[in-house]
Every structure is written in structure tokens, then in C-alpha cells.
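1. using only what follows, build the 3D model:
(2 chains)
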Amino acid sequence: MRPATRLALLVGWLGYALIPWYLPDGMSLTGFGWLAGYPFGKAGTALALALSGSAPWLLPVGIALVVATLLSNRQPGTATGSTLIWTGLAGLVFFFAQGFAITLKGQGIPWLAALLGGAGAAQPGMGFGAFLTVLSLLLLLCHGLAYRGVCRGDVFTTSSIGIVIMLIGLFIFLPVATILRSALVDSDGGLALGDFVERFLSPSIWGLGCLTANTNCGVAWNTLILAVLTGVITTLLGLACALLILRTGMPGKRAMRLLTVLPIITPPFVIGLALILLFGRSGLFSTLLFEWFGVPRSRWIYGLPGVLLAQVLAFAPIAFLVLIGVVQGISPSLEEASQTLGAKRWTTFRTVTWPLLRPGLANAFLLGFVESMADFGNPLVLGGNFEVLSTKIFFAVVGAAHNQGQAAVLAIVLLGFTLAAFWAQQRWLGSKSYTTVTGKGDSGLPTPLPRRITWISALVIGPWVALTAVIYVVILMGGFVKTMGRDYTPTLQHYITGFSIDFSRGLYFDGSAWPSFFTTLKLAAISAPLTALIGLLTAYLLTRQRFAGRGALEFATMLSFAIPGTVLGVAYILAFNVPPVEITGTGLILVIAFVFRNMPVGVRSGIAGLSQIDKSLDEASTTLSARSFTTLWRVVLPLLRPALVAALVYSFVRSMTTVSAVIFLVSAEYNLATAYIVGRVEAGEFGLAIAYSSVLIVVMAIGISLIQLGVGERKLGRRGTPALASSAAEPIKQG
Amino acid sequence: MQKSNWLRAGLLATLAGGALLAATPASAQGSLVMYCGVQEEWCRAMSGAFEKETGIKVAMTRKSAGEVYAQVKAEASNPRGDIWWGGTGDPHLQAAEEGLTLEYESPVNKDLHPWALSQWNAAKKRTVGIYAGALGFGFNTQQIKAKGLAEPKCWADLLNAKLKDDVQVADPNSSGTAYTLLATVVQLMGEEKGFDYLKALHKNISQYTKSGAAPAKAASLGETAVGIVFIHDAVVFAVQGDPIKPVAPCEGTGYEIGSMSIVKGARNLDNAKKFYDWALTPAAQALGAPAKSYQVPSNKNAPVPTQAPKMEEMKLINYDFVKYGSSAERVRLLTKWDKEIKALPK
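-> Next up, the predicted model:
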């Protein structure tokens, strides 16, 4: 056995014999009252509980560990590998069998529970002991596979794949399956296929009334049209912006870059709210147009145009973040070669640069498309009579109809669209190579943009930037005036209500917004690095390793992203409110929801970045006898810095701004800023809501700067042109 | 070895983070988990006052009534909440019908208004009325003046052709407020005439909003001339000084009964009952008005907020909560509304 495997085994024994198996009530790191009775009782260890007979079903898991221990002095060969595989597998099977069979009294799988633990067997939710043990069993299985030569015998690779698969299975597949099951059963739990078919084919989903009569189209078509438009427009805007910033000497680039990122760090509802204050019937612009030019006030903002506008403003920065990494990574030497062969700038752009942009474009479109489908806040505020799937699902769950089955059916439609988009993206990219970051050092100067592209880009970007700027003026002002839109008396009242600090008794955070603010900050700071870690690791495995089921895994990572937050929230409650994984009401469930909901961005930007980096760099590292972890850490990761920044920033920001996914998961102790803001909006206190949002924007801006500072820029060894070097927006280091 | 170190480091970090986060809410002794269905400020006032009075630590979460219902239902196999306070009555009745909440008879019941007790009877003791609010509409005074209209006073006034595309109400599929309108119109005019009224109204509706109170906000901002809402939702904006005027329609109107239920399987049952009794006292019910909630309290001895719409001056219909709160009738009416009203061309 290799030392790594022994360590994995040690972890297993630690979890099985020393650390409390279950998650007891009232557990904390400050008081130790919950430890009473250790190693028996509520905080007992598996070994003690199994041997004392109070939880005999835990014994087989221990036996698997014993068998593995007996192997610890054998040579790490094929035979040892096979035994390890079987031991780990058996341990896992026993572990999950008892976990899902024996839960609360009268639940779980009764016949299996009776078989394993006798009648009336019950157990609470699993804790850290169980977590370490199952991890160890999984590692033993994966190491066994490596001993048998899977993935070139690399222990790190097999272990990573195993862990990623288990996490995705537990935190994406299990909840999604739980909620989708409810589409097929009626309220008594019986199978009801007829209902399902009837709901699925309903004209409210697929109707085409808007083409023939003056009624609304089916909600599926609305969603699809909106998502395609949002995807295309955000991708083009992101591309234009990335090209302008990286390939031209345009003035004011730094300010522009800041502005484009602002919408991403803006809590939901706020952009919609600002749009209403600007373009609504009594909005600033509408009033001006009416009074100066007699343009009648209208309600055009409510419906497809308004939602589209808000979504484009909100999601174009995501496309920009993906594309700036890709544009930066395109090797100038190919473009130089094209020009040397006599091609004009435009021809070069069309035949060389554009094709190389494909992975970035495809990923940016997919993100915009999926984001638009899952978006909830903007359609809620601006939708009018334009219904989309995400709001419809939300109100199927919480609305007066209380129809969870309907929600699940709509969720299936939504998933279908995502699946189709994913498939189309794969088809478009095909199996071509997009590698441009190679081991060869200096590779030429980036070609300046053809003039017509520059002009088009500038024309597109100009109004967008201006609109964004105006919106943020409104948001900034909104916090400092009494009632935006009616009474512009300056006041600090909103900030005092939310964020007053009382110094009279030492430091006391008095304002009503502080508790949710601190919780949000803490949870976002914990989940961001975890998201980036799991996301980039998954991207690395997907692009650089060959293993069975790779496509399925890639799709599974997109799944949690495609499912609207509300459905995911309900799914998490349904799946994790009862043992074996009983974590509702804790901060842990929020962190897990954040991590697995935001992971796709890490995966997407990782894949886009990795497909540009030549494999020969990995191979060179491997040839120099570095193991895959060393290669990943020393070679790939430094080249992936833009992707890492994107993943960290995005998950940090999203954790601070998500509403729909967490609205069911927040508890008294773990309330979040967004839930608080939504409450303010509902109560009509726009001032406080906007003030709180402004504070969050500032905090997120600081967070992003810290992330940028901490991760640093990647050094690509490209020569800078004077124009580029002076731009300083994205300083490209001198080779 | 380096790779496993790295794995282990990640693992330890996860563990440490997890341990911090998994600290479950304080032990069962002396605490209460409250799901609150009204607006934040009122929720806070209630939980704070109860804490001060009894020393019981209240963990309060605020959600809309529908969200609380969805959560209580999802958690049914392993309940987390103890008391569900506030929010419109229908989800409470629905939960009672599904056996998600517990029967309880408070000694304070004798001091309650008859409508609060009829809610309690309708739910077979599983929920009780804590406040009432009548349905009506709010209109934007400036917009109505600009259109040259007289102030609307009745349901019939909303059919005026000059109000085309200028009335908002929520979608009854998503909002309890709008469902109350549907049920009220059906009870007031009879089912056939009621649907005729809604069909005529449909021509004037610019948008069926998602949230029930949203039309009040829209009317106060001037985004719509008239918003059909619970009157107290319009009063909030009027008190702020917005140009909105709340109206109790002259033909008569329905009302909601904000309710309170004890979650079945509550972990802190004794404290939940303590809260239940306390929340029905005049002192506790007086907390609404300072928190800008102008509903009428259910205890006869509780002071009625001066800004509150005067229920005794309105023509209230005899709203049948048993019939229109049942899920069968609701599904029937909503399906009919979807088919006959929502699908209509404008």
C-alpha cells in the first residue's frame, strides 16, 4: 500500500472510532455539553455504538475498514488493487444502505431497516464521523482503481474523480431526483402518469395564442425566446467589450471595465427597480419625454423588452468575464502568420480570430441562456403579463394554487431546454482544437482590431455603458433621498436605520441590517473558495482526463445551474430535512447550496481556459516526472488565473445576491441580506432596500479587488505594444 | 505524498468550516422557532416583545404566507418550526386541512371577535384569526384627476372605459389577495355574474402582478391608476404621504383573516402554546400599528389603529371561509378563472 492510501485509511479509522458519528443537537465548538456520554449516546462514535449493540448496522462498515487495514503492508499491485476495490465498494454499499434505510421511525426503507437493525431501528442525521468514514471508503476504492492502472495509475486523478462524482450525486442528483419524482406522483404518493401527461401538454405551457389571437403565448415559448435573445445579446456585448479593452487603445477603458462589472455585483430587484424609476410610466425619462416632446407615457417596460433589458444589463458582465480570458489567451502568432501571408485585418479577424473565439462564445452563450432561464428577480419585477417558467414555478410552489406537481412538470420543461442548449453547444464546437497557449515563449504581437469591428463595438458598447452609469446614479441617489421618484429631500435616515453603530457601550451593531449582513459575508467568504476549488478541479478532470461517463458528469454539473433556484431550494429541503443528511436550518446547507449552484461557472470558465492551453505543457511537466497534482498546481493553475478569478468572483458575488435558491433555506439564525432586502421591497421601503444594496455593492467591490490582488495576473510571455501597455486596464506583462 | 497533503488540507478546511456552521440552533430548553408571515418590522416587534416578556429565545424567520406553507409542508416529516404567526388565512386553512398544524384552544378565545373564532371553527381548532383586513382598492389621486374622472367608489366604477389598461390586480394563482377578490366577487354577485364582472374588468387590467400587494405600490408610484389590494396595504403608502387613496367598495367587499397556527410535531410545544396565548392578548395585538401594519386586531379589547380602515363602516359580505378556503373549491375556481378570464384576448 502506498503512504497516501494508508493516510486515507487512517482518516477512516478517525471517523469511525474517534469522532462522533451523528450530528447531535446543540453541537458547538465553544460549549461541550453535547459531548455528554461520549463515546456512547448521542455523541457516540460508530465503533462504540456498533459494539455496544445500540447501532449494530454500523458493524459491516467497520469490518470493511478492518479488511483494508490487513492489506496495509502488501505491495501496491494489481491484486491489492482488486481487493481494495471490493473492500471499498462493499463498505460504501453497507454505508449507504444503512443510511437511507434506517432514518426516522416509520420512514426510510422499512424492510431493509428491519433486516439491518431489527424492528423499530432509527437513527439521526449523520455527522463528521460518518463523513470521514465514507470519504475514506471512497478513497480506498479509488486508490484500488489506480493500483489497477486506471487513469495511468494516478491516485490523485482517480480520487478527485471519485470525490467529484460523489458530491455531485449527493448534492445535485439526489435533490433533483426528489423533486422530479413529485411530478409523477399524486398527493397520496401513488403513480399518476395521466396527470403528468395532461399537465405537460397543457396549452398554458405550449400555446401559440400570441401568433394567431391577441392572447399570451405559452410560458415555454416566452422563456425560450427570452433566453435565446439574452444569450445572444450578452455574448455579443461581452465580446465587443473584451475586444475593445484588449485590442484597442480606446480611452476610458478602465472606467468602462469597472462599469461593466457593476451589474454583476448588484443585488436582484435593484436593476429592475431602477429601470422602473427611469422608464416606468411615471419614471424620470418618461416624464421628460412627455413634458418636452409630448411622447405619451407608456408601459413598454413591463414585459419582454423590460425583462430583456434588465437581463442583458445583469448578465452581459458574465459573458465579458468569460470572453476576456479567451480573447487574452488567443495567440497572436497565428494572426501574425495570417498577416504575413498577406491577409487584411478583416480577413484575419474573420478567418483566424473568430474561429478561435468559438469556445468562449459558446460558453458565454450557454451561461447567458441558462442564467436567463433561471432568473427570477427581473421577471418578477418587470414581467407584467409576460410569464416565464421560473416565476411560474415559484408561484406554483408558494402561490394560492399550491401545486408542487405542476412546478415539477415546469421544471422538467426547463431542464429540457437546458439540455438542448448544452447539446447544441457541443455540436457547434465539434472536436476541433482551440489550443493557443503553448509552451513556446514569445509569440508575437496581438493584431489591432479591424476598424469596422472597432466602430461597431464602440457603437454597441457606448449606449450600454451610458445606461449602466445612469442606473447606478439612480441607485446611489436612492439611498440618500427620502422617496425616490417623488420626494428628493436629502436624508441619511435609510443608512441610520440599517447600519447604525452604537459606541456608547463599546462597539454595538445597532442597525437592523447588521445580523443578515454579517451572516451573508461569512457564508459567501466560505463558499467562494470551495466553489472555485471544486469547479476548476472538475474542469481539469473533464478536459484533461479520459474516463468513462465524462459527458454525463459534465452535464450533471450544469444541472443545478439550470434548475431555478426556487425548485432547488424546495428540493434541498425535501432531500436534506431528514436523515441521513439532516442539515436544514444550519449554515452548512446554505454553503452547500451556494457551492453547487455556482459551481457551473467555475467549470465553464475552467473548461474555456483549459481548452486553450496546449496539452504539451502538461506532458512536458509529466515527462519531467511531476505527478498530476504537481502539474495542476505548478503549470495549469497559474495559466488559469483568469478562470480562477472568474470562479471566485462569481461565486462570492452570487452567494451575496441569490434570492430564490435560499428563500426556503434561510433560518432565523442564518438570515441573508437578500432575503432582508426583498422584505424591504415588499414593505415598500425602497429607500432602505436601495441603501442596503449600495452597501452590498461596495462590499462586493472590495471583495473582488481582494480576490484580484490575491490571485494576481497570469504571465503569458507576450510582447506588449505601446498602446496596450499604456492602457493599463488589463496590464499585459512584458515578456 | 504531496497530493494527499493537499487533499487533507482541503478536507480539514471543509471540516473546520462545517463544524462552525453546523452548530445547530440552541437546545430545546427555553426557545421557540417562529415562522412569521407578515412584514419584517411587525415580525421583529412581536418576537422581541415576547422575548422580553417571557425570556424565551425566539428564532424568527420571515416569509410570505405561501412560502411558509410550502416550507411547513416540505418539513412535515421532521418539523423545524413551532409556531406559524401571521399571513393570510387560506394557507393556514390549507395546512389545517392537510393536518400539518395542531388543534389548540386558547383561554383567550373568549375575548376574540366572532370572525376570528369562525376561522378557528372552520379549521377545526387548528388555526385562529389574529387580524382582519378588508379587500378594496387604492387609486392614484393625481392620475384619476388627470383623466378627468370622479373618484371611484364602487367595484362598478372600475369598469369605466377611461380606465382601460390602468387597473392592476395580482394573479389569483399566485396571490391570496387576488384569490380573495375572485371569491368575493363570486359571493357578492353570484358565480355567473361575478365572472361576467371579471371578464369586463379584464379589459381594464394592464397587468396581473405576481405579488398581492404590488398593485398598491404601483398605484402609489403612479405606474397604474388603480390597484386592487387589501385596504391596509394601500393605507401604508397613504400614511407615508403618497398620492394614493384607499377605498372600501360601496357594493360590499370580502376580507382576509390573518391567522396563527401551531405546527404539528413542534419541538417546543409548550413555548408555542405560550406564544399563542400571548399573541392573542390586547397588548401583543397593539404592536401592529407602530410597525406600520394597519390591520384590525382580533381581540375585542385591543386598540384599533387610528389609521386602520374602519371595518364597522364598511359593507362586509358574509365571507364563507369554509367553502372558499377548501382546496377543492379553490382549484375549481382557479381553473375556471384560467380558462375563462386569463385566456381572453384583450
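2. please, which helix or strand holds B:K336?
-> Using DSSP states H and E, B:K336 sits within helix B:327-337.
3. how about that helix: buried residues?
-> Residues B:330, B:333-334, B:337 are the ones in helix B:327-337 that count as buried (16 or more other C-beta atoms under 10 Å in any protein chain shown). Quick note: C-beta positions are derived from backbone N, CA and C, even for glycine.
4. restrict the residues you listed to those that also contact chain A, please.
-> Here is what survives when these are matched to chain A using C-beta under 8 Å from any C-beta of the partner chain: B:330, B:334.
5. what's B:A170 sitting at in phi/psi?
-> Phi and psi for B:A170, reported as degrees, to the nearest 10, are phi -80, psi 170.
6. what number of residues lie near it?
-> Neighbours of B:A170 under the rule other C-beta atoms under 10 Å in any protein chain shown: 28.
7. and it, how far from A:G687?
-> Per C-beta to C-beta, to the nearest Å, B:A170 is found 24 Å from A:G687.
8. how about the secondary structure of B:Q307?
-> Of the three states, B:Q307 takes coil according to DSSP: H, G, I helix; E, B strand; the rest coil.
9. contacting residues for it?
-> Counting by C-beta atoms under 8 Å, 6 or more residues apart in numbering or on different chains, B:Q307 makes contact with B:235, B:239, B:289, B:294.
10. before we move on, what about A:S628?
-> By C-beta under 8 Å, 6+ apart, the neighbours of A:S628 are A:154, A:156-157, A:622, B:3.
11. cool, A:L688 as well?
-> A:L688 makes contact with A:494, A:497-498, A:513, A:680, according to C-beta under 8 Å, 6+ apart.
12. ranking by neighbours, what's the top pick from these?
-> Among those, the one with the most neighbours (other C-beta under 10 Å) is A:R680, at 26 neighbours.
13. isn't B:A289 right up against B:P305?
-> Yes: using C-beta atoms under 8 Å, B:A289 is in contact with B:P305, at 3.5 Å.
14. tabulate the contacts of B:Q307 (CSV), appending neighbour count, pLDDT and secondary structure.
-> As requested, the contacts of B:Q307 are exported to CSV (neighbours: other C-beta atoms under 10 Å in any protein chain shown; pLDDT from 0 to 100; DSSP: H, G, I helix; E, B strand; the rest coil):
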residue, neighbour count, pLDDT, secondary structure
B:V235, 26, 92, helix
B:V239, 13, 88, helix
B:A289, 18, 88, helix
B:Y294, 25, 89, coil
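15. want to throw those into CSV with distance to B:G48?
-> Shown next, in CSV, are these (distance: C-beta to C-beta, whole Å):
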residue, distance to B:G48
B:V235, 24
B:V239, 22
B:A289, 16
B:Y294, 20
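16. what's the distance between the residue most central in space within chain A and A:M250?
-> Taking C-alpha atoms, centre = their mean, the centroid of chain A lies closest to A:N598, which sits 0.8 Å from it. As judged by C-beta to C-beta, A:N598 and A:M250 stand 32 Å apart.
17. cool, B:L182 as well?
-> Using C-beta to C-beta, one gets 57 Å for the distance from B:L182 to A:M250.
18. now B:Q94
-> Using C-beta to C-beta, one gets 59 Å for the distance from B:Q94 to A:M250.
19. who's more crowded, the two?
-> Higher neighbour count among B:Q94 and A:M250: B:Q94, with 23 against 17, using other C-beta under 10 Å.
20. so what's that one scoring on pLDDT?
-> Note for B:Q94: predicted pLDDT of 88.
21. could you do A:T260 as well?
-> 70.
22. over to A:L141?
-> As predicted, A:L141 sits at a pLDDT of 93.
23. and for residue 243, the neighbour number?
-> Chain wasn't specified; assuming chain A. A count of nearby residues for A:L243, using other C-beta under 10 Å, gives 22.
24. wait, chain B was what I had in mind.
-> Around B:P243 there are 18 residues (other C-beta under 10 Å).
25. how close does it sit to B:Q142?
-> Distance from B:P243 to B:Q142, by C-beta to C-beta: 5 Å.
26. same question, B:A150
-> Distance, B:A150 to B:Q142, using C-beta to C-beta: 15 Å.
27. out of the two, name the residue with the larger neighbour count.
-> B:Q142 (13 against 9).
28. that one sits in which helix or strand?
-> B:Q142 belongs to helix B:141-146, assigned by DSSP H and E.
29. so what touches that helix?
-> Contacting residues not belonging to helix B:141-146 are listed as B:151-152, B:166, B:222, B:224-226, B:243-245 [C-beta under 8 Å, 6+ apart].
30. top helix in chain A by residue count?
-> Longest helix in chain A by number of residues (criterion: DSSP state H): helix A:514-544.
31. which helices and strands sit right next to it?
-> Packed against helix A:514-544 by the contact rule (3 or more C-beta pairs under 8 Å, 6 or more residues apart in numbering or on different chains; DSSP states H and E) you find helix A:155-168, helix A:550-562, helix A:587-610, helix A:641-657, helix A:673-682, helix A:686-711, helix B:2-21.
32. what angle do it and helix A:673-682 make?
-> With axes from the mean of the first three to the mean of the last three C-alpha atoms, to 10 degrees as the basis, helix A:514-544 and helix A:673-682 are set at 130 degrees to each other.
33. and helix A:514-544, which residues are buried?
-> Counting neighbours by 16+ other C-beta under 10 Å, one finds that the buried residues in helix A:514-544 are A:515-517, A:519-524, A:526-544.
34. how big is the angle separating it from helix A:550-562?
-> On the basis of the same axes, to 10 degrees, helix A:514-544 is oriented at 160 degrees to helix A:550-562.
35. just give me how far helix A:514-544 sits from the chain centre.
-> Centroid separation for helix A:514-544 versus its chain: 8 Å, with C-alpha atoms, centre = their mean, to the nearest Å.
36. any idea of the angle that helix forms with helix A:155-168?
-> Using the same axes, to 10 degrees: helix A:514-544 against helix A:155-168 is 130 degrees.
37. between helix A:514-544 and helix A:641-657, how big is the angle?
-> Angle of helix A:514-544 versus helix A:641-657, following the same axes, to 10 degrees, is 150 degrees.
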